[in-house]
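K.L.:
sequence and predicted structure, then a few things I'm wondering about:
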Amino acid sequence: MDHNTQKTTRKSAIKSMFSGLLAAGAGLFGISQAKAASSEESSKPITSITGKNQQGEVPLFSSVKIHDGLVYVAGKGEHGEGDITVHTNSVLDQIEEALEEAGSSMDRVLKVNVYLHDIRDYDGLNAAYRGRFGDSPPVRTTVSCHGGIPGNSLVEIDCIAAL
């Protein structure tokens, strides 16, 4: 082995060793950051708002959960008479009330899931829905539920909003 080859091999070995040490250090740093974020997350409080008429039993679900600056509103339906316009307006009114009780508002909604009893009500839903969340509506997913919606509602909507 000549002098130049020996020098290059030693340089490569040193370079490789430092690269390995840097990668290990970065990995350890990343893991410690993840642990810090994880323990910080677990200490943040989760606030629950349960629905009315709970009669002292443990509820099946909370109407609203608040955590880390977000409000999660459970699905709201309308169980009275009326067409898709009446049901959609009622559901959106219920969501607005839940958001305001939690300290948020319709224009702070980030994500909406819409469950229709019948996809033929899609246009009627949209006519009542348009503009209810302000000028910048949330992202939305809409599906039609083959088996129907519990309580014979024509529409059920849940959402996630910022505080």
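P.N.:
Ah, there it is. Values in this document were obtained by computation on a predicted structure and should not be read as measured data. Numbering: from 1, shown residues only.
K.L.:
only C-alpha atoms from now on, for both contacts and neighbour counts.
P.N.:
Will do.
K.L.:
the residue lying closest to S105 once chain neighbours are set aside and C159: what is the separation?
P.N.:
Nearest non-adjacent residue to S105, counting by C-alpha to C-alpha, 6 or more residues apart in numbering: L99, 5.3 Å away. Per C-alpha to C-alpha, to the nearest Å, L99 is found 9 Å from C159.
K.L.:
which neighbours do those two have in common?
P.N.:
V73 (C-alpha atoms under 8 Å, 6 or more residues apart in numbering).
K.L.:
P45: how many residues sit nearby?
P.N.:
Look at P45: counted by other C-alpha atoms under 10 Å, it has 10 neighbours.
K.L.:
the residue nearest to S105 reaches D107, doesn't it?
P.N.:
No - counting by C-alpha atoms under 8 Å, L99 does not reach D107; the two are 10.1 Å apart.
K.L.:
among those two, which residue is more densely surrounded?
P.N.:
Counted by other C-alpha under 10 Å, L99 and D107 do not tie: L99 has more neighbours, with 24 against 17.
K.L.:
specify the local secondary structure of that one.
P.N.:
Following DSSP: H, G, I helix; E, B strand; the rest coil, we place L99 in the helix state.
K.L.:
and it, what does it touch?
P.N.:
By C-alpha under 8 Å, 6+ apart, L99 lies in contact with V71, V73, S105, M106, A161.
K.L.:
list just the nearest of these to D135.
P.N.:
Using C-alpha to C-alpha, M106 comes nearest to D135 of those, at 10.6 Å.
K.L.:
these two touch, right, the closest one and G131?
P.N.:
No - the pair M106 / G131 is not scored as a contact, 10.0 Å apart, by C-alpha under 8 Å.
K.L.:
circling back to that earlier point, ok, and the most crowded of the contacts of L99?
P.N.:
V71 (26 neighbours).
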